[in-house]
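Enquirer: Next come a sequence and a model predicted from it.
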Amino acid sequence: QGQFVESGGGLMQPVASLRLSCAASGRIFRGVTMAWYRRAPGKEREFVAGILWNGDSTTYIDSEKGRFIISRDNAKNMMYLQMSSLRPEDAAVYYCNQKPPLRNRWGQGTQVTVSS
């Protein structure tokens, strides 16, 4: 049925950069809008960034505009989130999924920790 697999997280210092990756099987990736989400400790999962199926349009949560860049490689069924100028409040588990998300297809996520 397909799944999403996130990777690339880690322990980072403030103002560092990091790139997250999302691998997906073709049937749940091709031709659909994809997005990154995150869940910080004690908070609900929230939308971070989205990208149209062909990559021609992107959207971001207001707090990340200018710092995060979402991209996708449809030939590889991959999506990325380039994060820069990391802040402690960016610490969360990051997930990828369709937009709107497939309810039963959440992956394990990748943990991003920001600390000096």
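Expert: Nice, thanks for sending it over.
Enquirer: by contact count, what packs against the helix or strand of the chain with the lowest mean pLDDT?
Expert: Of the helices and strands making up the chain, the lowest-confidence element is strand 10-12, at a mean of 94, by mean pLDDT, DSSP states H and E. If you count contacts as 3 or more CB pairs under 8 Å, 6 or more residues apart in numbering; DSSP states H and E, strand 10-12 packs onto strand 110-114. The way it works is simple: take the backbone N, C-alpha and C, and place the C-beta from them, glycine included.
Enquirer: contacts for the strand it packs on?
Expert: Outside of strand 110-114, the residues within contact range by CB atoms under 8 Å, 6 or more residues apart in numbering are 6-14, 16, 18, 20, 38, 83, 86-94.
Enquirer: switch to 7 Å and redo it
Expert: With contact meaning CB atoms under 7 Å, 6 or more residues apart in numbering, strand 110-114 is reached by 6-9, 11-12, 14, 18, 20, 86-88, 90-94.
Enquirer: Now, of those residues, which are buried?
Expert: Among the contacts of strand 110-114, those that count as buried by neighbour count (16 or more other CB atoms under 10 Å) are 6, 9, 12, 18, 20, 86, 90, 91, 92, 93, 94.
Enquirer: Tell me which two in those are the farthest apart.
Expert: 6 and 86 (16.7 Å; CB to CB).
Enquirer: in its sheet, what does the least confident helix or strand of the chain sit against?
Expert: strand 110-114 (parallel) (DSSP bridges).
Enquirer: The closest residue to residue 64 other than its chain neighbours: what's it in contact with?
Expert: Spatial nearest neighbour of residue 64, chain neighbours left out: residue 48 (6.1 Å); criterion: CB to CB, 6 or more residues apart in numbering. Residues counted as contacts of residue 48 (CB under 7 Å, 6+ apart) are 36, 37, 38, 61, 64, 68.
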